[in-house]
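Asks: Predicted structure and sequence below. I'll ask about it afterward.
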Amino acid sequence: MLVLASCAEAQAQVRRPVPSKPAVKGRPAVRVPTPPATIEPAKRVDSPADEGKPPLIINKIRIKDPVLVFYQQAAPHNAVQQLLMEEKNLPLLATMPLEELVARREVFIDGLGNYDPPGQATDAEKYRLTGVSLLASSEKRRPAPDGRSTYARLRVPSPGDLFVVRESAEEYRHFVSGPQKKGSRIDFSINALPGIDSVRAIYTLRKIDVSERGAGSGDIIR
């Protein structure tokens, strides 16, 4: 009986629940925010007037379902400006004038001129950042919601990166008088963006052929 009693006591000790450890009081785990995208400098090319200006800051960006809009201003100016946005934002064209459109973060302007790409200096001999117009050159234009403008979808080069440069609005003060597809003249006397100090211009990376380096043309990187 003594042996049986000892076994029963041992089993009771085994079955006795182990007290849990008290919770350690302290601050909850802090989530470390994702660092912003790398910002890199870029240089203007083929523009002696820009020498001495501070380097431009560019950012990579990906835009879902991008379209290039040939924004046709209402009469009497009858002028054109090229904007880039997501296709879902096209209804903005029917409700906002150009000055309000270019001030929105989801709307960009097709870049003018050429830039050295960010990165290694050797890349500047082979590549250029140029406007995105050629990405839409083979696409059929469609009527935009404002009833005046047209747009074309863009085939963005792989891996899908475009480049945003904040530039002075001075370079965008001209419109193309009349429908751009008819090759009308550029009128530099019109202030196309009154009250706008700077614009967010969009560029794509292109490979420059050896015979064309310095001209800003070439194959689109895919």
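Replies: Alright, I've got the coordinates. Residues are numbered from 1 along each chain as shown.

Asks: Quick check: buried residues in the biggest strand by length in the chain?
Replies: Longest strand in the chain by number of residues (criterion: DSSP state E): strand 198-207. By 16 or more other Cβ atoms under 10 Å, the buried positions in strand 198-207 come out as V199, R200, A201, I202, Y203, T204, L205, R206. All C-beta atoms are positioned from the backbone trio N, CA, C, and that covers glycine.

Asks: which stretches of the protein have low pLDDT?
Replies: 1-55, 76-78, 119-124, 175-187, 209-222 (pLDDT under 70).

Asks: For the chain, which segments count as strands?
Replies: Counting by DSSP E, the strands of the chain are 40-42, 56-61, 66-72, 79-86, 108-110, 114-115, 127-130, 142-143, 150-153, 162-168, 175-177, 186-187, 198-207, 219-220.

Asks: Output the contacting helices and strands for the fifth one.
Replies: Here strand 108-110 is seen to pack against strand 79-86, strand 198-207 when contacts are counted using 3 or more Cβ pairs under 8 Å, 6 or more residues apart in numbering; DSSP states H and E.

Asks: Which one, of these, ends up nearest to A152?
Replies: Among the helices and strands packed on strand 108-110, the nearest to A152 by Cβ to Cβ is strand 79-86 (10.2 Å).

Asks: Take that closest one, keep the C-alpha atoms, and write them as CSV.
Replies: In CSV, the C-alpha atoms belonging to strand 79-86 read as follows (Å, rounded to 0.1, in the frame of the first residue of the first chain):
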residue,chain,number,x,y,z
ALA,A,79,-3.1,74.0,-78.5
VAL,A,80,-1.6,70.6,-77.6
GLN,A,81,0.4,69.3,-74.7
GLN,A,82,1.5,65.7,-74.0
LEU,A,83,0.5,64.3,-70.6
LEU,A,84,1.1,60.8,-69.1
MET,A,85,-1.2,59.2,-66.6
GLU,A,86,-2.9,55.9,-65.7
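
Asks: Output the contacting helices and strands for that strand.
Replies: Strand 79-86 is packed against strand 66-72, strand 108-110, strand 175-177, with contacts defined by 3+ Cβ pairs under 8 Å, 6+ apart.

Asks: go again using 10 Å as the cut-off
Replies: Counting by 3 or more Cβ pairs under 10 Å, 6 or more residues apart in numbering; DSSP states H and E, the packing neighbours recorded for strand 79-86 are strand 66-72, helix 98-101, strand 108-110, strand 150-153, strand 175-177, strand 198-207.
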